[in-house]
Every structure is written in structure tokens, then in C-alpha cells.
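Trainee: Fold the following for me, if possible:
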Amino acid sequence: MDRVWNEKAAAEYYRDGYWAPRTIYDLFLQQVEQRGGAEALVDGERRVTYRDLKDEIERCAAVLRARGVAAGDVVTVQTPNRIEFATVMLALELIGAIANNVSTDYRSSELEYILNYSKSTTYVCAEGFRGFSYLKMMQELRERIPSLKLLVSVSGEGEGGDPLYLRTALPDATPLTPNHWTRPHPDDVMRLAFTSGTTGDPKGVMHSHNTTIFPVLTMNRGMCIDPTSVQMIFMPTTLNTGYLSLLQTLLGGARGVLVEHFAVDTALKTIADERVTAFSTPPAALVMMLDSPLLAETDISSLRVIKSGGAPASLELLRRIEDQLSAHLIESYGMLETGFHCHTTVDDNPTEVVGTVGRPVEGMELSIRTSAGEAVPTGEEGELLARGPGVHLGYIGNTAANKSSFTSDGWFVTGDLGRLDANGRLKISGRKKEIINRAGKKYFPREIEELLLTLPSIHDVAIVGLPDRRTGERSCACVVPAAGASVTLEDLVGFLEERVARYKLPEKLVIVESFPRTSTGKVRRPALIEQIMAEDVAG
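Mentor: Numbering: from 1, shown residues only. Below is the predicted model:
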């Protein structure tokens, strides 16, 4: 796969120790050697030690290779937070395949595009999750994906080869021995992850072992993850934060508790039962936990550190976390393309860092520039650019995006806006992109708009994100109905729910006669949001 590659920068990262000639599995094996009999992962069904997990990974690698999965193949993985996710992901390294993680929220429209674009040969899923059958969806979809050769289920049992049921196949498999491993170079592309479509169709972000290991070890230092840590992971492991949290656990010698989806009572009970010391979360989940009447009845004294990202917390929220959860809050800034770029620390005074996401981490550079590419003075707003050992290797098969996203001197253009305060801490002031961020799950409005415009009852539509205390943003569909037609929120949701992920469904409908537009005809989304909020207050 063609990478965006800077030989000089790579040499510097190796020289400074940010990169090294080792892979994720190399670091995992170090923990197996040191912590073999200790628990590595826990989920809703079972518990495994580091030694047991190693055995399962190497059996899985043998099974997948025997079924034709080869070096360089792209394997799309869409599973809930279960031990089998870790098993498959690490097994792919041993046969030199490339993992492509996709959200369990994605449905046929999204999957068809991603699997075809990535030329996936294998699709791995849970047979079903939260009432939805992934196998049924893919069996109906696979004839439209010419590259797809193998379906794999990590749950359920069954004989035969299509789909392949891992629970049936693994017990009798002989682990793949080291002399049969196909190990990638640490700088080769080893995983793909598609963006939420911030400029239309999703883009496939490419990462290597080195660009992945760097943010993992960086945040392990920031969150003090070590063999005494117990990390609760409820952010989806198929998304970047959850995936990196899983690797933080396994490469830090800690114990990971996998929770399939967030619910306040489940999260609080898990903290108490498993003596959780750390977790990563969007701000919305934190607010829900703090507001829960169950909090006062639950022993959460084990908590040490919570990492949050998205919107900076208020001073009131920071103090509530310290008072009610007795934990330090680390606020972070990063993205799929850059890993963890900035974060506050456990030693920071909340009154000094409130409203910021801290300073850039060691090794990562931050540049704030005008639209003309000139550096802005301290305190002034500009677009954020990133450079460093955690930055991705470009977008797969997308020369135009790579050209527009990287400057000639190697900086990645994030599309976010911010400024540095006098102490060198970053304040995020907005997004240049029109992405909607609902409780940490992001998507681009145009995807939903194009689907809705196929309805004869809709003349025009704009999807905007409205501020929401619980989820950060909620989706509002602003619709200009076709002449003589009526439109309801139930109509829109009913049409979309089998086509897109649930978090992309509109939660509010506003009927308008027209949209505020720029001189070139583009919808002025900020003005539209202000109009809706003003009407809500007045009404």
C-alpha cells in the first residue's frame, strides 16, 4: 500500500526512540513472559490469562491461514467488545494480514462501500449483537463485494466452512509456531480504519505498528497504566479510542474489562466488582455517571484516572469528578489520524487547565496557522497542524486527499481550529469540518442528506448538530418539504434505521421554508443552528 512517507522524519523517530524495530505482538509477548498467569482480559462470558490469550491467538492465526487468509489481505472486523476481538486482531499480525476495524453500528450501506473500497477478502463479525444479525446482513450483501471470500463468526457454533465459526474451529487447531509466522515490518501498514466521512465518503486511514504503538505507550504514561491497573473498556474496540485502550491494557501488563456497550448501572457495577482503576470516556458518559442516583450506593474507591476527549470540561465538572469519583481527569485531544496529540496530566491544577486539552505530548509537534499557511502568534486562533511519530501514513487509494491533507514540509492538516494560551496549553475553539459528534461517534451530514433527498416528500434537507448536555451534540433534520407533502420525524427515522447506524438518526425535525445560504449557494449551518436555538428559546 502506498504510504505518505518521510525518510528523514522516520530516521529521527528511530533515533529519538519514539519508533523501534518491534511490533505489537513483540510487546505483547514481553507481557506474556512477565505476566503469563495473570488475567489479561475479562468480558461478559469469560476470563483469560496472558498465557491463555497467547495460545488462543496462535490457534486463530493457524485457522485463518488454513482458510486462505494471506499476507497483505485486508480483513474487516466488526465485533462487539469481546475477547475474540483481541484474539483476531493479534492473530492477523502473525499471518501478515491487514486489519480494517468498523463500528458495530454500521449497516449495509456503509459496509458495502468500505468493504469494496478496501478490497476486503474476509469479514469477521459476531453472529448477532443487540438484536441485529451481522451474518444475515453480510450473506445478503456479499454478492456485491467481489473481493470477499470468507465470512467468520466469533460467536455461535457450527460445522462447515462458510461461515467459519471460530468457537468450533479453535479447540482442535494447532497453534501457529513462530517459524511459520509472517511478521510485517514495523513501518508497514498493519491496520486501516475509515473516517466518519468528514468530506463526503469515508477515507481509509493507514497506520503501522510504530504509529500505533507510539500513542499507546504515550497514554500509558499519562494514565499511569501498569500491571496494577484495571482498565474498563466500554468505548467500542472497533473504534480508535477503544482499540487503543485495549492495546494500552495488553502492552502495559494490566487487566482489561470489556463492556459491550455503555449503561450507567453496568459501568458503576463493573467499577465496583472488578476494582477498576482507569477508563476512557466521552464527556456525555461522565455526566450520566455523576448524575446517577446509583453513584452514592456504589464503591468506586478503586478509581484513579479517567481520560476524556471531545469538549473541554467546565471547572464545575472537574470538581465534581474529583469530589464524587475521587479520580483525576485527563482531557485529551487527538483523532484517528494522529493518535493522542495533547493531554492534561494527573498533576495539573484544575483551575489552571480548565478549558484546555493540555500541552502537546513529547514527540508530537503542533503548528497553528492561518488559511494562508502562516504561523499565528500565541493566543490567536488558527488551524491545527500535526507532525510526529503518531501521525498516520495517509489515506488508502486517495491521492487527492493525501495531497490536500499533508503540507510539503510533512505536516498533517487536521481541519480543527484552536489557539495556545500563555502557558502553551491548547484550547480547541471549533471545527473547520462540518462533522457531527454525538457522544464520541462522528459522522458527516451529507451522508444522511443524500439518502433523505431520495424521498419524494423532501425538496431539500440539511442535517445539523445541536448542542446537547448529555451527548455533546444531537442530530436535527431541517427539511423543506416537497409541494403538498408532509414530513414527520417518524417518517425519517423509519426510512433511515435499516440503512445507517443508529447514532446517525435524526433526533429532531424542523420544517423550514428555505435555508440561509452563502453567496455561492452553500447552506450556512451555523446560522441555521442559531435560528433553531432561538426559536426553541422563544417557543
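Trainee: Using PDB, write down the CA coordinates of stretch 384-404.
Mentor: In PDB, the C-alpha atoms belonging to stretch 384-404 read as follows (Å, rounded to 0.1, in the frame of the first residue of the first chain):
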ATOM      1  CA  LEU A 384      -4.200  23.000  13.800                       C
ATOM      2  CA  LEU A 385      -1.500  21.000  12.100                       C
ATOM      3  CA  ALA A 386       0.300  17.900  13.500                       C
ATOM      4  CA  ARG A 387       3.600  16.300  12.900                       C
ATOM      5  CA  GLY A 388       5.100  13.400  14.800                       C
ATOM      6  CA  PRO A 389       5.500   9.600  15.300                       C
ATOM      7  CA  GLY A 390       1.800   9.000  15.900                       C
ATOM      8  CA  VAL A 391       0.600  10.600  12.600                       C
ATOM      9  CA  HIS A 392      -0.900   8.200  10.100                       C
ATOM     10  CA  LEU A 393       0.600   7.100   6.800                       C
ATOM     11  CA  GLY A 394      -2.100   8.700   4.700                       C
ATOM     12  CA  TYR A 395      -5.400   7.600   3.200                       C
ATOM     13  CA  ILE A 396      -5.500   4.400   1.200                       C
ATOM     14  CA  GLY A 397      -6.000   4.900  -2.500                       C
ATOM     15  CA  ASN A 398      -6.800   8.600  -2.200                       C
ATOM     16  CA  THR A 399      -4.000  10.700  -3.800                       C
ATOM     17  CA  ALA A 400      -6.100  13.800  -3.700                       C
ATOM     18  CA  ALA A 401      -6.900  13.600   0.000                       C
ATOM     19  CA  ASN A 402      -3.200  12.900   0.800                       C
ATOM     20  CA  LYS A 403      -2.100  15.900  -1.200                       C
ATOM     21  CA  SER A 404      -4.600  18.200   0.400                       C
END
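Trainee: Averaged pLDDT, that stretch. What do you get?
Mentor: Mean per-residue pLDDT for stretch 384-404: 96.
Trainee: go on, stretch 437-453?
Mentor: 84.
Trainee: So which residues of the stretch 151-300 of the chain form strands?
Mentor: All strands of the stretch 151-300 of the chain, identified by DSSP state E, counting those that start in this stretch, fall at 164-165, 189-194, 204-208, 230-233, 255-258, 278-281.
Trainee: now the ones you listed as JSON lines including distance to residue 295, mean neighbour count and mean pLDDT?
Mentor: The way it works is simple: take the backbone N, C-alpha and C, and place the C-beta from them, glycine included. Formatted as JSON lines, the strands of the stretch 151-300 of the chain follow (distance: least, CB to CB, whole Å; neighbours: other CB atoms under 10 Å; pLDDT from 0 to 100):
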{"stretch": "strand 164-165", "distance to residue 295": "41", "mean neighbour count": "20", "mean pLDDT": "96"}
{"stretch": "strand 189-194", "distance to residue 295": "34", "mean neighbour count": "24", "mean pLDDT": "96"}
{"stretch": "strand 204-208", "distance to residue 295": "37", "mean neighbour count": "23", "mean pLDDT": "97"}
{"stretch": "strand 230-233", "distance to residue 295": "15", "mean neighbour count": "26", "mean pLDDT": "98"}
{"stretch": "strand 255-258", "distance to residue 295": "18", "mean neighbour count": "26", "mean pLDDT": "98"}
{"stretch": "strand 278-281", "distance to residue 295": "14", "mean neighbour count": "26", "mean pLDDT": "95"}
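Trainee: what would those look like in CSV with distance to residue 294?
Mentor: CSV is the format used below for the strands of the stretch 151-300 of the chain (distance: least, CB to CB, whole Å):
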stretch, distance to residue 294
strand 164-165, 38
strand 189-194, 34
strand 204-208, 38
strand 230-233, 16
strand 255-258, 18
strand 278-281, 16
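Trainee: right, so of these, which gets closest to residue 12?
Mentor: Of all those, strand 204-208 sits nearest to residue 12, with 15.7 Å by CB to CB.
Trainee: and the closest one with strand 189-194, angle?
Mentor: Here strand 204-208 points in a direction 150 degrees away from that of strand 189-194 (axes from the mean of the first three to the mean of the last three CA atoms, to 10 degrees).
Trainee: picking that back up, nearest to residue 239, of the strands of the stretch 151-300 of the chain?
Mentor: Across the strands of the stretch 151-300 of the chain, closest to residue 239 is strand 189-194 (CB to CB), at 7.8 Å.
Trainee: now what about the closest one, what contacts it?
Mentor: For strand 189-194, contacts defined as CB atoms under 8 Å, 6 or more residues apart in numbering pick out 1, 3, 23-24, 74, 92-93, 98-102, 114, 117-118, 184, 202-209, 212, 239-240, 243, 336, 393, 396.
Trainee: and of the strands of the stretch 151-300 of the chain, who's closest to residue 402?
Mentor: Minimum separation from residue 402 across these (CB to CB) falls at strand 204-208, 9.9 Å.
Trainee: Counting by contacts, list what that closest one packs against.
Mentor: Judged by 3 or more CB pairs under 8 Å, 6 or more residues apart in numbering; DSSP states H and E, the packing partners of strand 204-208 are helix 108-118, strand 189-194.
Trainee: mind redoing it with 6 Å?
Mentor: Helices and strands touching strand 204-208, by 3 or more CB pairs under 6 Å, 6 or more residues apart in numbering; DSSP states H and E, are strand 189-194.
Trainee: what's the distance between the strand it packs on and the middle of its chain?
Mentor: Distance, stretch centre to chain centre, for strand 189-194: 12 Å (CA atoms, centre = their mean, to the nearest Å).
Trainee: cool, stretch 177-185 as well?
Mentor: Taking CA atoms, centre = their mean, one finds stretch 177-185 lying 28 Å from the centre of the chain it belongs to.
Trainee: Kindly report the same for stretch 183-191.
Mentor: 20 Å.
Trainee: Same question for stretch 331-338.
Mentor: Computed by CA atoms, centre = their mean, the chain-centroid distance of stretch 331-338 equals 10 Å.
Trainee: pLDDT (mean, whole number) over it?
Mentor: The average of the pLDDT scores along stretch 331-338 is 93.
Trainee: Identify the residues contacting that stretch?
Mentor: Stretch 331-338 is contacted by residues 193, 205, 240, 307-309, 312, 340-344, 357, 386, 390-392 when judged by CB atoms under 6 Å, 6 or more residues apart in numbering.
Trainee: CA-only coordinates of it, as CSV, when you get a sec.
Mentor: The C-alpha coordinates for stretch 331-338 follow below in CSV (Å, rounded to 0.1, in the frame of the first residue of the first chain):
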residue,chain,number,x,y,z
GLU,A,331,-8.5,15.7,29.0
SER,A,332,-7.1,14.7,25.6
TYR,A,333,-7.0,15.9,22.1
GLY,A,334,-6.4,13.6,19.2
MET,A,335,-8.0,11.9,16.3
LEU,A,336,-7.9,8.7,14.2
GLU,A,337,-5.2,10.3,12.1
THR,A,338,-2.8,11.4,14.9
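Trainee: Distance-wise, check the residue nearest to residue 233 when sequence neighbours are not counted relative to residue 275.
Mentor: Excluding the flanking residues, the one nearest residue 233 by CB to CB, 6 or more residues apart in numbering is residue 245, at 4.8 Å. Residue 245 sits 17 Å away from residue 275, taking CB to CB, to the nearest Å as the criterion.
Trainee: isn't residue 92 right up against residue 99?
Mentor: Yes. Counting by CB atoms under 6 Å, residue 92 touches residue 99, with 5.0 Å between them.
Trainee: out of the strands of the stretch 151-300 of the chain, which comes closest to residue 325?
Mentor: strand 278-281 (10.6 Å).
Trainee: Name the strands paired with that closest one and say parallel or antiparallel.
Mentor: Sheet pairing for strand 278-281, assigned by DSSP bridges, gives strand 230-233 (parallel), strand 305-309 (parallel).
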